[in-house]
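>>> could you work out the structure for the sequence below:
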Amino acid sequence: MEELKPVGLKVREIEGFLPSPHSRYVDWEALAGLKTDKKTKEIVTPEPETLQYTSFEAFHEYILTVLRTYAAVLGEYGAIPKFAADELVEKLRRKYVSWRSASDWEDKLGHDIRGVVAASQEVISPKSRRYAYLALTSNDSISTAYSLALRDVCYEVITPKGIEFGRTMLNRTKELMAENNEPTIIIGRTHLQHAAPTTAEHWLMEKLGEVMPPLTSQLDHADNLRGKISGFVGTRAAQHFLFRKFIAAKDLEKETLKRMHLSPDPLTGQIVHQSYYMPYFTNMIDLASGIANFADTIRHFQQTELGEIFEQELSERVGSSTGAHKRNPVDSEHVVSNYRTLMGDVTRAYLDYISEFQRTLTDSANKRFYIPEIPFLAYNMLRRGTKIAKNMTIRRDRMAQNLGITQGLILGEPLQLALQYFTAGKGLDIDTHDHVRKLSSKALEEEKPFIEIMEQDDLTKQLLEELDPENKEMLLDPKKYIGNVVEDVKEIVAEWEKQLNELEERIKKHNETVKYI
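Numbering: from 1, shown residues only. Predicted coordinates for the structure are as follows:
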């Protein structure tokens, strides 16, 4: 794709890249090469943006890619003159056929692809121009262009950012494990209530565990996107009518798509089946959902009553317009807000399964919104999630403080289990769950530490007298009641590092292989 234009664009030109409400998410200054690092004063290397693949102008380039690849195949098989094929391959590029020119023609003609054809024919010689867009229908180019764009943005933007998020979470986990050579104990919560101890390292990997499955499978869905060069209603009648003496219509479709590293939808109407796009989109939303869950939990950790994790350095964030004392979890809240928008997008995408007969136009305007927006929002959620993971402050002191605020009630599970096993061995028919529930209620009502209530209970005293020292320590010290969490975290860190390495290698090979004429 062409380099993006400088930041000093007219409003109308900017809208060619991205709908204006999204413009604030894009670092236009960096993309234009005008941004410098505040400390080093060096030019900042911009991150890629999904708009480079899915904006109206980018889709225009992909449509031209389909048209010139098709022309090249026709020329090689002698179906059109070589001079015409060569000129089409040269001129069917955004460099010559601008998106603005095609858009202006669309306004005049009332048809997007006829607008592209008209703009193309303006820059192609009279002897070659009528060979452009021969025996095709609109969605041969549009559906195929969508698949190319979605595949490329997945390989070059979305998945690499997902890998960066994964590595950031792994690195923060390893840093925590290295601190003081002991786990970072934190209270585990279910139903927003204190449940049992866990570790911050385990929590980080638990949240990454929601991201890794869709992250590692997103490329599979990208590779399964399909194209079509099968004509008006999918019968390949036009290609068969004109070109059968040079190349079979089915082979023409396969060869054209093969050169763009796509496979054909085996049998279509006028459009590629929505069932190829939906796994891609739903998996991407699964990926974004994991980021949303991570960010939403950070929001809760940052609330005043908990204060265990902050999404930024404690001294950095401006609070509110009037409450200077506040540190709002702005990035996390942005992620959650973006997630709500995505839910509407996936509904619209599912509605596009309905397309009467061979095709209607009911999906067209719809796709112009959600096809760019789903990758755009997913990427920005990943970007913010990565920023949060890098910058978050993990407060061990507050975690330790909160571990004790229930005065030992979190010993309820190990006590119940120990009593249940102990009484069963003695042949006693006692409901130990109800027994511990009553002890807990007594501790709450009398506002006494749970251990003090335990020590007053005859059954518990008998248990403690006979319990082996190791189990007794685990029962009485919440920090010891964490199972095999340390080993589990180390194992999963190693496994996910391996998976991320494999993803990076796959992306590298793909990018070395996939080239367009």
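
>>> C-alpha from now on. contacts and neighbour counts both.
Noted.

>>> distance from stretch 248-260 to the middle of the chain?
Here the centre of mass of C-alpha atoms in stretch 248-260, compared against the chain's by CA atoms, centre = their mean, to the nearest Å, lies 32 Å away.

>>> using CSV, list the CA coordinates for that stretch.
Included here for stretch 248-260 are C-alpha records, laid out as CSV according to Å, rounded to 0.1, in the frame of the first residue of the first chain:
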residue,chain,number,x,y,z
ALA,A,248,-11.5,-23.0,-18.5
ALA,A,249,-13.6,-20.6,-16.5
LYS,A,250,-13.0,-22.6,-13.3
ASP,A,251,-9.3,-22.6,-13.9
LEU,A,252,-9.3,-18.8,-14.6
GLU,A,253,-10.9,-18.3,-11.1
LYS,A,254,-8.4,-20.6,-9.4
GLU,A,255,-5.4,-19.1,-11.1
THR,A,256,-6.4,-15.5,-10.4
LEU,A,257,-7.1,-16.2,-6.8
LYS,A,258,-4.0,-18.4,-6.4
ARG,A,259,-1.8,-15.4,-7.4
MET,A,260,-3.3,-13.5,-4.5
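
>>> distance of N181 from L403?
As judged by CA to CA, to the nearest Å, N181 and L403 stand 20 Å apart.

>>> pick out whichever of those two has more residues nearby.
Summary of the neighbour comparison: N181 and L403, criterion other CA atoms under 10 Å, with L403 having more neighbours (21 against 9).

>>> could you tell me the average pLDDT over the helix or strand where R167 lies, please?
Following DSSP states H and E, one finds R167 within helix 159-178. Per-residue confidence for helix 159-178 averages out to 95 on the pLDDT scale.

>>> begin at 196 from here
Will do, 196 is the new start, and the previous item becomes helix 354-373.

>>> now the following helix or strand past it: buried residues?
Tracing the chain C-terminally past helix 354-373 and defining elements by DSSP H and E, one meets strand 380-385 next. Buried residues in strand 380-385, counted by 16 or more other CA atoms under 10 Å: 380-383.

>>> which other helices and strands contact strand 380-385?
strand 388-394, helix 591-598 (3 or more CA pairs under 8 Å, 6 or more residues apart in numbering; DSSP states H and E).

>>> that strand pairs with which strands?
Partners of strand 380-385 in the sheet, by DSSP bridges, are strand 388-394 (antiparallel).

>>> list the buried residues in the helix or strand following the strand it pairs with.
Elements were assigned by DSSP H and E; along the chain past strand 388-394, the next helix or strand is helix 395-418. Within helix 395-418, the residues that qualify as buried are 395-400, 402-403, 405-407, 409-414, 416-418, counting by 16+ other CA under 10 Å.

>>> alpha carbons only: can I get the helix or strand K303 falls within in PDB?
Using DSSP H and E, the element containing K303 is helix 294-304. What follows is helix 294-304, C-alpha atoms only, in PDB (Å, rounded to 0.1, in the frame of the first residue of the first chain):
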ATOM      1  CA  TRP A 294      -9.900   6.700  -4.600                       C
ATOM      2  CA  ARG A 295     -11.200  10.200  -4.900                       C
ATOM      3  CA  SER A 296     -11.600   9.900  -8.700                       C
ATOM      4  CA  ALA A 297     -13.400   6.600  -8.300                       C
ATOM      5  CA  SER A 298     -15.600   8.100  -5.600                       C
ATOM      6  CA  ASP A 299     -16.500  11.100  -7.700                       C
ATOM      7  CA  TRP A 300     -17.500   8.700 -10.600                       C
ATOM      8  CA  GLU A 301     -19.500   6.600  -8.100                       C
ATOM      9  CA  ASP A 302     -21.500   9.800  -7.200                       C
ATOM     10  CA  LYS A 303     -22.200  10.400 -10.900                       C
ATOM     11  CA  LEU A 304     -23.100   6.800 -11.900                       C
END
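
>>> other residues contacting that helix?
With contact meaning CA atoms under 8 Å, 6 or more residues apart in numbering, helix 294-304 is reached by 211, 251-252, 255-256, 307-315.

>>> identify the residues contacting I605.
For I605, the contact set (CA under 8 Å, 6+ apart) comprises 389-392, 673.

>>> ok so, going back, buried stuff in the helix holding K303?
Of the residues in helix 294-304, 294-301 count as buried by neighbour count, 16+ other CA under 10 Å.

>>> gap between it and the chain center?
Worked out by CA atoms, centre = their mean, helix 294-304 lies 33 Å from the chain centre.

>>> for that helix, the averaged confidence score.
93.

>>> same question for stretch 468-480.
Rounded to a whole number, the mean pLDDT of stretch 468-480 is 93.

>>> and that stretch, which residues are buried?
By neighbour count, with 16+ other CA under 10 Å as the criterion, the buried positions of stretch 468-480 are 468-469, 471-480.

>>> all strands of this protein, in order?
Secondary structure of the chain by DSSP state E: the strands cover 380-385, 388-394, 421-422, 458-459, 504-505, 588-589.

>>> please identify the most buried of those strands.
Sort the strands of the chain by mean neighbour count, taking mean count of other CA atoms under 10 Å, and strand 421-422 sits at the top with a mean of 28.

>>> what residues does it touch?
The set of residues that contact strand 421-422 without belonging to it, under CA under 8 Å, 6+ apart, is 335, 338-340, 342, 452, 457-460, 467, 471.

>>> can you list the strands that it pairs with?
Using DSSP bridges, the strands paired with strand 421-422 are strand 458-459 (parallel).

>>> what comes into contact with the partner strand?
Identification of contacts with strand 458-459 by CA under 8 Å, 6+ apart yields 419-424, 448-449, 452.

>>> what's near enough to touch Q657?
So Q657 contacts nothing (CA under 8 Å, 6+ apart).

>>> so how far is L457 from it?
Taking CA to CA as the measure, Q657 and L457 are separated by 72 Å.

>>> quick one: low-confidence parts of the stretch 396-545 of the chain?
Screening the stretch 396-545 of the chain residue by residue with the criterion pLDDT under 70, one finds the ranges 508-521.

>>> quick one: the helices in it?
Secondary structure of the stretch 396-545 of the chain (DSSP state H, counting those that start in this stretch): helices at 432-438, 444-453, 469-497, 525-546.

>>> what helices or strands is the shortest one leaning on?
Right, the one you point to is helix 432-438. Checked by 3+ CA pairs under 8 Å, 6+ apart, helix 432-438 has helix 444-453 packed alongside it.
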